[in-house]
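Undergrad: Please work out how this folds:
(chains A, B, C and D)
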2 protein chains.
Amino acid sequence: MSSYSPSETAEKSGFSIDTLRYYEKIGLLDGIARNASGRRVFSDDDLSWLGMLRCLRETGMPIAEMLRYSELARGGEETFAERLEILQDHDRRVEEQIGLLRSQQKKIQWKISFYSGGTGSA
Amino acid sequence: MSSYSPSETAEKSGFSIDTLRYYEKIGLLDGIARNASGRRVFSDDDLSWLGMLRCLRETGMPIAEMLRYSELARGGEETFAERLEILQDHDRRVEEQIGLLRSQQKKIQWKISFYSGGTGSA
DNA sequence: GGTTGACCTGGAGCGGACTCCAGGTGGAAT
DNA sequence: ATTCCACCTGGAGTCCGCTCCAGGTCAACC
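TA: Numbers count the residues shown, from 1 in each chain, chains lettered A, B, ... in the order given. Down below sits the predicted model:
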């Protein structure tokens, strides 16, 4: 087992088939194999790359930046430093994002305790 | 001090003037006072409501749901239970969101350590 | 030989959340 | 008196990230 149809890939990656096509079209996926009749055939490598894309998307990286990362990833080891930088910047943003969520969540929970019959001025 | 011009309000709330107008238009803001010449005058109450909206927005609540909450908030105490429910559901979603971010962040950090010259297969 | 069914393509359409624009008003400063 | 500026309105436009559609192909099953 090492090659997957579009629908299998959709299921395993969590992206819809349309999204997979879209990602290939804009260049987030590159070099996806085709069988004799022109249909996409995804490999384990493709799947793990999709996992990376999913990870970046779900942490809020915009498509344009994923594209930059993808292009670098197509380069060799000489792009490691740049890729590292992108991921480190992104990691920082994720950290901030979590911090913001946590602090806003506290306000929501305070409000909840107010509605639940707790103390409260307004 | 208890009334603010649109631009002051924008500054204090973090929403742009256009967004404030938009929020009033769609009903997220209700009963915003006007002065003699038709300009908006925001109160401290408006500002604290905007704080709540900001909190909900930044934690990813869609406008449609904030609208529902806003409408309930215009009702009296008899809507407390419903408002509570919305906030509790939302709080759960925020929790999930944070969990997802954390777990995806781990993958990113693993990748970072790989690029930083750490161990790694692929 | 006909009908599925999964896939293909290019391109149009959509939903969400703003953001911008043209044209106008009213009060204040020069 | 005029220039300015912050504001007003209704409505159009933008950006993002998909999602859907029409029309076509190919292998497979009945």
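Undergrad: touching DNA strand D at all, stretch A:67-84?
TA: No. Judged by C-beta under 7 Å from any atom of the strand, stretch A:67-84 stays clear of DNA strand D, getting no closer than 8.8 Å. All C-beta atoms are positioned from the backbone trio N, CA, C, and that covers glycine.
Undergrad: Please identify the buried residues of that stretch?
TA: Neighbour-count burial for stretch A:67-84 flags A:Tyr69, A:Ser70, A:Leu72, A:Thr79, A:Arg83, A:Leu84 (criterion: 16 or more other C-beta atoms under 10 Å in any protein chain shown).
Undergrad: Show me the subset of those that also lies near chain B.
TA: A:Arg83, A:Leu84 (C-beta under 8 Å from any C-beta of the partner chain).
Undergrad: For the host helix or strand of A:Arg21, give me every contacting residue.
TA: For A:Arg21, the host element (DSSP states H and E) is helix A:17-26. Helix A:17-26 has contacts (C-beta atoms under 8 Å, 6 or more residues apart in numbering or on different chains) with A:6-7, A:9-10, A:13, A:15, A:29-30, A:32, A:40, A:50, A:53, A:63, A:67.
Undergrad: how far does that helix sit from the chain's center?
TA: Distance of helix A:17-26 from the chain centroid (C-alpha atoms, centre = their mean, to the nearest Å) equals 14 Å.
Undergrad: May I have it as CSV, with CA atoms only?
TA: Output in CSV follows, covering the C-alpha atoms of helix A:17-26 (Å, rounded to 0.1, in the frame of the first residue of the first chain):
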residue,chain,number,x,y,z
ILE,A,17,-11.3,16.4,-3.4
ASP,A,18,-12.0,19.9,-4.6
THR,A,19,-9.6,21.3,-2.2
LEU,A,20,-6.9,18.8,-3.3
ARG,A,21,-7.4,19.9,-6.9
TYR,A,22,-7.4,23.5,-5.9
TYR,A,23,-4.1,23.0,-3.9
GLU,A,24,-2.5,21.3,-6.9
LYS,A,25,-3.7,24.1,-9.2
ILE,A,26,-2.2,26.9,-7.0
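Undergrad: The next helix or strand along the chain from that helix vs DNA strand D: in contact?
TA: Sequence order places strand A:33-34 as the next helix or strand after helix A:17-26, per DSSP H and E. No. Judged by C-beta under 7 Å from any atom of the strand, strand A:33-34 stays clear of DNA strand D, getting no closer than 11.2 Å.
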